[in-house]
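Novice: Here you go, sequence then predicted model.
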Amino acid sequence: MKKMTSVVGKRVPRVDALEKATGAAKYTADIHLPGMLFGKIKRSSYAHARIIHIDTSKAAQLPGVKAVLTWEDVPHTPHAGQPDPRASSLACDQYILAEKACFLGDGVAAVAAVSEDVAEDALDLITVDYEVLPAVFDAEQALQTGAPSIHGTDRNLVIPPVIIQSGDIELGFAEADFIFEGRYSTSRHVPAFMEPYVCVCRPEPGGKLTVWSSTQAPFMVRGSLSEVLGIPMNLIRVLSEHMGGGFGAKQDLYQLEYLTVLLAQRTARPVKMEYTRAETFVAGRSRHPVVVELKQGVKRDGTLTARQARFIANSGAYGSHGPGITWVGSQMLSSLHKCPNVQIEGLCVYTNAPIAGAFRGYGAPQAYFALETQMDEISEALGLDPIELRLRNQFQPGDIGPTGLPFESNQLAECLKRGAQLIGWQKRHPAGSTKEVLKRGIGVATELHAATAYPDTMEVASAVVVMNEDGTAQLRTGAADLGTGAKTVLAQIAAEELGLRYEDIRVIAGDTDIGPYDLGAYASRTTYIVGGAVLRAAAEVKKQVFARAAVKLAVSVEMLESDLGMVRVIDAPERVMSFRDVMKPVRGETPPIIMGHGIFAPPNDYSFAAQFVEVEVDTETGQTRLLQVVAVHDIGKAINPAGAEGQVEGGLHQGMGYALIEDMVVDPVTGKTLNANFVDYKLLTAQDMPEIKVDFIESGDSLGPFGAKGVAEDALCPTAPAVLNAIYNATGVRIKELPASAEKVLAAFQTREKEEISEPLLKGTFRDSNEIAN
Amino acid sequence: MKQIIHLVVNKEAIEIGVEPWWTLLDVLRDQLELTGAKKGCDRGDCGACTVLLDGRPVVSCTTLAVQSNGHSITTIEGLLSGSQPHPLQQAFVDYGAVQCGFCTPGMVMSAVALLDENPHPTENEVRAAIQGNLCRCTGYSKIVEAILSLAKA
Amino acid sequence: MHRFEYFAPETLPDAISLLHRYGSTARLIAGGTDLITALKERTEKPGYLINLAGISELCFIKYDHTYGLRIGAATTVREIEKSPLVQATFPVISSAASTLASIQIRNLATAAGNICRASPSADLPPALLALGASVRLAGLAGQRSVALVDFFTGPGKTVLQPDEILIEILVPPIKPCSGAIYIKHCPRRAMDLASIGIAAAITLEEGCCSEIGIAMGAVAPTPRRAHQAEAVLRSKPVTTGLIEQAAETAAFEASPISDVRASAAYRRQMVKVLVCRALQQAFELAQVKCL
């Protein structure tokens, strides 16, 4: 594994970049089929309301309307939006069309018509009589006795409380010299991929269905459609060749795909249903807003002795990935930085807000916002460098985390050291100490993230490699490429292992008829787990190719190696044969039929990162300008450095937006989403981005292919606390609520200016870090 | 009531009957099968639908097809010379500037317009030229590098 | 999308007669970037659209020392932004134009559209107001001029009569020793609507402020001048103390609301901060022009 690689580690162009750059790549919405109808969903205008009566007669009679569905026309069994085994991370509480709307925007009817305009007209003709019910939008309020009950569960909980415990928490606090407590809250962050949700279904003869979907997990779409609609899986083909981003939020079904299929079956015509951008906001998935109450005990030298926390996640109207996220968020809260005595309680709560679901990071960004902010508070109070505080509390390889999962490899110290150097850590001033109106500061935050969906889902992936008679090969994988470059990385792994050139491998992905089965592209698992399966499939094929080459070259197989399309005899460089010649069929013999199937079910592994941010805060307006970001990630091995950098750069964009300006605002009285558009839900533009430096630590000590681990989610997990810690360093103002909008920063700054600054206490309890002096 | 309009699309003269309320984007995608321009928001806020109207980048979702009557339009498909990609398209590939690719056609069109007007832009000018093109995957880093690589030529 | 009939008249009289014929069921369009969005949302439902972009006499940018700068109604915001003539005479207008949405929108949107839409947060009105601009309107009865400061009557409302079309924007000739600036306060460097928009224009004569315009956007039902703030500085030497006083006065003259973009309290605070900065910068620009 330590030898020089020819394809892995190289910046090869992505397999599909050219077709995307020329406009040739077809995404789901680009599909036009003869006779295609257009579907639209009528949405509730109340956040919590029972449907007393729904009248679709006028809509059905409108010329051009071919089908209208309400809850009475569709299967009425609750489902999880995902089949097993992945369903363990979700709640089983959704209906294809609800009888009771649980959020403002919940779909209550669907139509198919000859054009989108006619479909829109039809929606206006559907009348619904609602019994409006009291609604609740805040998670803590929803937990209270007397709060409106949304799905009839105890305290509006989606799952029983998640409890993570290790050691003795009371003892831990007793051992502490100082105790820190704080309340941290996060916003409604939206994935905001550029391609809205869309699905196309074409009914085929014999009850078969072809479904195109913008999905991260084609097999999951097939499985859920089969389970919910009662269609055998071998009659459903799901295709997802190109998608315009997902970031986690395109891996569970809610209403779109079932309705598209039902409308297609009902009309016996192809149906396309494309969400508008507003619907993508309101009826899609956002990141769980979470309140974390965090209390830690620490010794004078910075060693952590106790950590107690409550992680309260606002799930919105349905559970979706709430269970998984509450577990992962609570686990991450227990696991980052070694702490022997831990007690975490995770609560996942229903409210009548829009649905929260899976989104890159999956609970960790919220957990780390709280933890990495408080670590910064602790370092400030103790007079310790924030980097030093992390180093004093880090896990070593072999240590077991509080959830029982071991840490195999950990290069966090190296990430911190390198990042500090790249950002110029030594030029930091004491917090808020500069005199100018424009104040600069640097902040740091760290993270760890799994490269799998353990422990909820027992992880496995498979892949098939097929050799063609001319020495080129096909790689078949059920994994989807949501733009991450997964297909490219998998091709590189296959080529490296087999000894082919990158160009000789063609990847066929995202087609459930070709497969093989894959759980999906999420949890940063594709390189690690699917890559591992590809490696094993390629190794299988190499054995068979070498067996054939050994005959043609008249040597034993142990004497052979391969690289860049050539099979060579070791130590006899002139004895070489191209793959083309090895595979070439011989007249009079049976042709070579060579393929390999690989399966990989690895244990979990973690990636680590440290991110540093430099900001400039205008203390008269509260606006924060991002100057510089340094992200150093321990990823084991960068199979495609450009791809890995691209992941981090994109994650930073999302993380910085999360820190400063992104928040989907829900009206606290009506539950209406107030900014379901790109004017008021703000993504950083190219002119808003700071200078970015990305660096990788590649120790290669993971079980993944060529030592690779995950990177996709790590990219944004520490960014928000790093930004807010930088704001603190610049201004002396501690913001514990995302986003750190200009208004919030200004208000906090003006309050701080008025407050007296007290001397630091050497012993005692800090209730709220506002009491702590600088 | 459909109106007959005349457009030059990717150097080809087209006569087509359109309803007045059809956007240029919908006509390009649905009537002319030019699906390179994408519908990211349909409100002019993301730039994924950017095409060149008489050489100037516009959001085709926020202009009606009838407003383009008598004008010329270039889409991403029009940048190819036969099967040869435009140098900018190749640069996007070479620099890893394409991830999910949904913003790419619009992004390339804005960049083409920039380089036509200003062959030697600075980094700030490149970023200003793509201010109206949102990308959620790349953080813009490699997109800017790809465009700048042609600025030095 | 709402359905409608469409006309593309080639002359101004044709446009006016169409407008008269269809009355309140018609809407004018030149770029249409705001209107088309409203049609998609079905918040506007006109039966007829009248496109002015094909009327060549409405597309021009001219300057002379008698009338000043004249901009035709169908001139795009991008043309205004890039015009060497505008940059040479009133760079603040070019700068304000450059802050509007994105290049793609500016290649479609027109200055007249931005003004007639009468959004409280529009980007061109503050600078134009500070410069004392006026607009020329044409209707069945003939043409008339209206000072821009009298043009807006409420959010989305203007003095335009049902048969009138805004055909031209006029800015009085430049004066020596003048400087002007537009500060748009918003979270991003592009694509945003102003949370607060402040324009200031100062003309100096013998060290004193002989003419001053302070205009505010997004902090009142319409873009408006801060007359009382102006009075603090008019005919006085420009000092830091007076700038601050003017800024505080302007904050009183604002009547902001709270919305998803900003709270009223924050807006009012920012009026003071930004008027201060704008006056300082306009003053420095005016001084440079005096050298």
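Specialist: Happy to help now that I have it.

Novice: From now on I want contacts and neighbour counts done on CA atoms only, so please keep to that.
Specialist: Noted.

Novice: Isn't residue A:666 up against residue A:352?
Specialist: No: here residue A:666 lies out of contact with residue A:352, judged by C-alpha atoms under 8 Å, at a distance of 10.0 Å.

Novice: Among those two, which residue is more densely surrounded?
Specialist: More crowded of residue A:666 and residue A:352, by other C-alpha atoms under 10 Å in any protein chain shown: residue A:352, with 30 against 21.

Novice: Now stretch A:693-709: buried residues?
Specialist: For stretch A:693-709, a neighbour-count test (16 or more other C-alpha atoms under 10 Å in any protein chain shown) marks A:693-698, A:700-709 as buried.

Novice: now swap in stretch A:653-663 and tell me
Specialist: For stretch A:653-663, by 16+ other C-alpha under 10 Å, it's A:653-663.

Novice: Of those, which belong to strands?
Specialist: Among the buried residues of stretch A:653-663, no residue falls in strands (DSSP state E).

Novice: In helices, which of those residues appear?
Specialist: A:653-660 (DSSP state H).

Novice: Tell me the one of these nearest chain C?
Specialist: Each of these was scored against chain C by C-alpha to the nearest C-alpha, and residue A:660 proved nearest at 8.9 Å.

Novice: Please report how far that closest one lies from residue A:720.
Specialist: 8 Å (C-alpha to C-alpha, to the nearest Å).

Novice: Could you look up the SS state of the residue of chain B found nearest chain A?
Specialist: Closest approach between chain B and chain A, counting by C-alpha to the nearest C-alpha: residue B:100, at 3.4 Å. The three-state assignment at residue B:100 reads coil, by DSSP: H, G, I helix; E, B strand; the rest coil.

Novice: That one contacts residue A:241, correct?
Specialist: No: using C-alpha under 8 Å, residue B:100 makes no contact with residue A:241, being 11.0 Å away.

Novice: More neighbours: those two, which one.
Specialist: residue B:100 (27 against 21).

Novice: Not counting sequence-adjacent ones, nearest residue to the more buried one?
Specialist: Computed as C-alpha to C-alpha, 6 or more residues apart in numbering or on different chains, the closest residue to residue B:100 that is not its neighbour in sequence is residue A:483, at 3.4 Å.

Novice: In terms of helix, strand or coil, where does that neighbour fall?
Specialist: Following three-state DSSP, residue A:483 is assigned to coil.

Novice: Give me the number of neighbouring residues for it.
Specialist: Residues lying near residue A:483 (other C-alpha under 10 Å) number 25.

Novice: ok, it to chain C distance?
Specialist: Distance from residue A:483 to chain C, counting by C-alpha to the nearest C-alpha, to the nearest Å: 25 Å.

Novice: Then residue B:141?
Specialist: Distance of residue B:141 to chain C, computed by C-alpha to the nearest C-alpha: 17 Å.

Novice: what sits against that residue?
Specialist: If you count contacts by C-alpha atoms under 8 Å, 6 or more residues apart in numbering or on different chains, residue B:141 has them with A:649, A:692, B:97.

Novice: can you do 10 Å?
Specialist: Going by C-alpha atoms under 10 Å, 6 or more residues apart in numbering or on different chains, residue B:141 touches A:645-646, A:649-650, A:686, A:689-693, B:95-97, B:127.

Novice: Am I right that residue A:210 is in a strand?
Specialist: Yes: assessed by three-state DSSP, residue A:210 belongs to a strand.

Novice: what's the next secondary structure element after the helix or strand harbouring residue A:297?
Specialist: Element membership of residue A:297, judged by DSSP states H and E, is strand A:290-298. Next along the chain after strand A:290-298, taking DSSP H and E as the criterion, comes strand A:304-316.

Novice: helices or strands up against that following strand?
Specialist: helix A:139-143, strand A:162-166, helix A:169-174, strand A:178-185, strand A:290-298, helix A:322-335, strand A:342-350, helix A:364-382 (3 or more C-alpha pairs under 10 Å, 6 or more residues apart in numbering or on different chains; DSSP states H and E).

Novice: These into a markdown table, with extra columns for distance to chain C?
Specialist: Below are those laid out as a markdown table (distance: least, C-alpha to the nearest C-alpha, whole Å):
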| stretch | distance to chain C |
| --- | --- |
| helix A:139-143 | 21 |
| strand A:162-166 | 35 |
| helix A:169-174 | 42 |
| strand A:178-185 | 19 |
| strand A:290-298 | 21 |
| helix A:322-335 | 27 |
| strand A:342-350 | 24 |
| helix A:364-382 | 22 |
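
Novice: on that earlier part again, identify the contacts common to residue A:666 and residue A:352.
Specialist: A:104, A:137.

Novice: List the buried residues for stretch C:196-211?
Specialist: C:196-205, C:208-211.

Novice: okay, among the residues you listed, which ones form the most distant pair?
Specialist: Greatest spacing in those, by C-alpha to C-alpha: C:196 and C:205 (29.8 Å).

Novice: how is the chain carved up into domains?
Specialist: Using chain A. A:17-24+A:460-600, A:31-133+A:194-245+A:250-282, A:290-454+A:604-771 (automatic domain parsing).

Novice: that answer is for a different chain, and I need it for chain C
Specialist: Split by automatic domain parsing, chain C gives C:5-51, C:57-171, C:178-290.

Novice: Kindly state which of those domains is positioned closest to chain B.
Specialist: Using C-alpha to the nearest C-alpha, the domains of chain C put domain C:57-171 closest to chain B, at 4.0 Å.

Novice: Relative to residue A:406, how far out is the closest residue to residue B:134 other than its chain neighbours?
Specialist: Of all residues not flanking residue B:134 in the chain, residue B:46 sits nearest, at 5.2 Å (C-alpha to C-alpha, 6+ apart). Per C-alpha to C-alpha, residue B:46 is found 44 Å from residue A:406.

Novice: These two: who's more crowded?
Specialist: Neighbours were counted for residue B:46 and for residue A:406 using other C-alpha under 10 Å; residue B:46 has more, 28 against 18.

Novice: Can you give me every residue that contacts the more buried one?
Specialist: A:194, A:677-679, A:683, A:685, B:39-40, B:59, B:103, B:106, B:131-135, C:102, C:104, C:191.

Novice: quick one: secondary structure of it?
Specialist: coil.

Novice: any idea how far it lies from residue B:131?
Specialist: 10 Å.

Novice: Can you pull the residues that touch both of these two?
Specialist: A:685, C:102, C:104, C:191.

Novice: tell me the average confidence for the longest helix along chain B?
Specialist: For chain B, the longest helix by residue count, based on DSSP H, is helix B:104-117. In this model, helix B:104-117 has a mean pLDDT of 98.

Novice: That helix near chain C at all?
Specialist: Yes: contact of helix B:104-117 with chain C (C-alpha under 10 Å from any C-alpha of the partner chain) involves residue B:110.
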